[in-house]
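K.L.:
A predicted structure for the sequence below; I have some questions about it.
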Amino acid sequence: MRFRADRSLRILDRTGERVPVLGGSPLRLWRLTGAGGELVARLAAGDDVVVAAGSPTAALVDRLLDAGALHPDPTTLPSRCSPSDVTVVVPVRDRPDALDGLLSSLGPFRDAGAGLVVVDDGSVDGPAHERVSQRHGATYIRRDRSGGPGVARDDGIATVTTPLVAIVDSDCVVPAGAGRWWEPLLRLFDDDRVAAVAPRVRTPPGPALLARYEGIRSPLDMGADPARVNPGTRVSYVPAAALVLRTDAHRAVGGFDPDLSVGEDVDLVWRLADAGHRIRYEPTAVLDHPPRRGLGAWMRQRVGYGSSAGPLDARHPWRVAPVRCSPWSAAGWAAIVLGPVPAGPIAGAAILGISAALLPRRLADVRTGAALRLAVSGHGAAGVQLARAAVRVWWPVLLAASTVSRRARRVSAVSVAVTAADVAVSLRREDPALGAGPLAAIVGLGLLDDAAYGAGVWIGALRVRSPRALLPAFPRSAHRF
């Protein structure tokens, strides 16, 4: 079978007895034998590799898969699951037209054998939703009182008898011409340890500014790269807007938390991961999701998303921290930005420089230049993280402090500049043809997005009476070297 290398996977040196290989999220360093290094090179090149159960090859592949340094290529996996093994559960409330569009787009999946269940979560016009469901051959379940999307999904899943269940929000749609879009998702269940697989949920770009922004930076879109989904990694969760689950694994962890109306999908994914399951993100399968209509609705959505941080932290302590980095990185950047000029920047640069210079000693079998580049890139990423957190989560404190403190104004200005530059670079990467005017407007929307989300984080923290969702986390080691 073949695999796809994560963009982080690198062989640092092939000249010594041990081959240092870097990759995964968070970054890890493996010191492999020459044969192991050669195997990694073949895997990264996409060569066919025989993975026999219990073999050293299987053991190394498993380590790389678990670390997120390697991803299976579903086109080379056997198709053990078919649409007849799947029931689609659609929660809906007051969206008969959207429901009709989704069920129409699911027609080929239904025709291939998939079941359909629609759960009406207390819509005002229940008969309209029932008529749409019946027209598409879906089982219709009516809730007289709205319980939220998680409760509605669980009501539908309670009726499922197939080994897999696909939950799809009513405002999603399968793109025209997607063909057998479900195959990559179902093939990944060839691994018995995989309990959930998520497709990419994309917002098709449109002429309106919000649609254009959502097409590049939708919170439902986890990007174009496959990923192992795990707390604290590059893709730490996947949305339940579209998600395929093993029915028994979902039931074993208790389903969605009925007390969560926002963030219930994050909580479920993390509980599945804590139970020892693998969750995969597979962007070769795509569903479309429309942008919010109007700036007000869009901002309310972002505030709502942010408000989930407090309740999620109460259930999963420290997993929603706005920053996760080395304490050395944090201390260095804090001294540079907060300290008096020139003593603060000099001291901060010294902290960052000394900690970077010490890394080659820890990585004795890695060339000094490569080790230093790792340290510099780590400190740089931490600096961007801290700036993003200042703009996204800590802005109420900075805004208040800026009215009386020149130092706070300096921190605010630096944070906004770094964040805007980071957003602009990512936008250019996603859409190189983006003009200067639209780029500036979309960067402004990005800053507004961050501020709205951060307001929600404060609301959520106040609701659970805990500041932990607002605080940075400093693990013993930011990377596993």
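P.N.:
Now that the structure is in, tell me what you want to look at.
K.L.:
low-confidence ranges in this structure?
P.N.:
Low-confidence regions of the chain, defined here as pLDDT under 70, cover residues 476-481.
K.L.:
In it, spot the helix with the most residues.
P.N.:
The helix of greatest length in the chain, counted in residues with DSSP state H as the criterion, is given as helix 436-464.
K.L.:
what's the offset of it from the middle of its chain?
P.N.:
17 Å (CA atoms, centre = their mean, to the nearest Å).
K.L.:
Pull out the buried residues from that helix.
P.N.:
Of the residues in helix 436-464, 442-443, 445-447, 449-458, 460-461, 464 count as buried by neighbour count, 16 or more other CB atoms under 10 Å. (C-beta placed from N, C-alpha, C; glycine too.)
K.L.:
Same check on stretch 347-361?
P.N.:
Result for stretch 347-361 [16+ other CB under 10 Å]: buried residues 347-348, 351-352, 355-356, 359-360.
K.L.:
Then stretch 107-115?
P.N.:
Within stretch 107-115, the residues that qualify as buried are 109-110, 114-115, counting by 16+ other CB under 10 Å.
K.L.:
Tabulate the residues you listed in CSV, adding columns for distance to residue 416 and secondary structure.
P.N.:
Rendered in CSV, the data for the buried residues of stretch 107-115 read as follows (distance: CB to CB, whole Å; DSSP: H, G, I helix; E, B strand; the rest coil):
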residue, distance to residue 416, secondary structure
109, 45, helix
110, 49, helix
114, 48, coil
115, 50, strand
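K.L.:
need these in a markdown table with distance to residue 58, can you?
P.N.:
Rendered in a markdown table, the data for the buried residues of stretch 107-115 read as follows (distance: CB to CB, whole Å):
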| residue | distance to residue 58 |
| --- | --- |
| 109 | 33 |
| 110 | 37 |
| 114 | 32 |
| 115 | 35 |
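K.L.:
between those residues, which is nearest residue 218?
P.N.:
Proximity to residue 218 was ranked across those by CB to CB; first place goes to residue 109, at 23.0 Å.
K.L.:
I figured the closest one hits residue 82, correct?
P.N.:
No. Under the criterion of CB atoms under 8 Å, residue 109 makes no contact with residue 82, lying 10.8 Å away.
K.L.:
for stretch 271-291, the distance to its chain's centre please.
P.N.:
The gap between the average C-alpha position of stretch 271-291 and the chain average comes to 8 Å, counting by CA atoms, centre = their mean.
K.L.:
so where do the strands sit in the stretch 351-481 of the chain?
P.N.:
Applying DSSP state E, counting those that start in this stretch to the stretch 351-481 of the chain gives no strands.
K.L.:
Now do the buried residues in the helix or strand hosting residue 280.
P.N.:
Secondary structure assignment for residue 280, by DSSP states H and E: strand 278-288. Neighbour-count burial for strand 278-288 flags 278-288 (criterion: 16+ other CB under 10 Å).
K.L.:
Stretch 61-71 too?
P.N.:
In terms of neighbour count (16+ other CB under 10 Å), stretch 61-71 has its buried residues at 61, 64-65, 67-71.
K.L.:
Which of those fall in strands?
P.N.:
In this view, the buried residues of stretch 61-71 that belong to strands under DSSP state E are 70-71.
K.L.:
Identify, from the buried residues of stretch 61-71, the entry nearest to residue 77.
P.N.:
residue 71 (11.6 Å).
K.L.:
Report the beta-bridge partner residues of the closest one.
P.N.:
Residues in a beta bridge with residue 71, per DSSP bridges, are residue 4.
K.L.:
which one is the residue nearest in space to the middle of the chain nearest to, not counting chain neighbours?
P.N.:
Taking CA atoms, centre = their mean, the centroid of the chain lies closest to residue 235, which sits 3.4 Å from it. Leaving out its chain neighbours, the residue that sits closest to residue 235 by CB to CB, 6 or more residues apart in numbering is residue 227, at 3.8 Å.
K.L.:
give me every residue that touches that neighbour.
P.N.:
Neighbouring residues of residue 227 by CB atoms under 8 Å, 6 or more residues apart in numbering: 6, 25, 68, 71, 233-235, 280-281.
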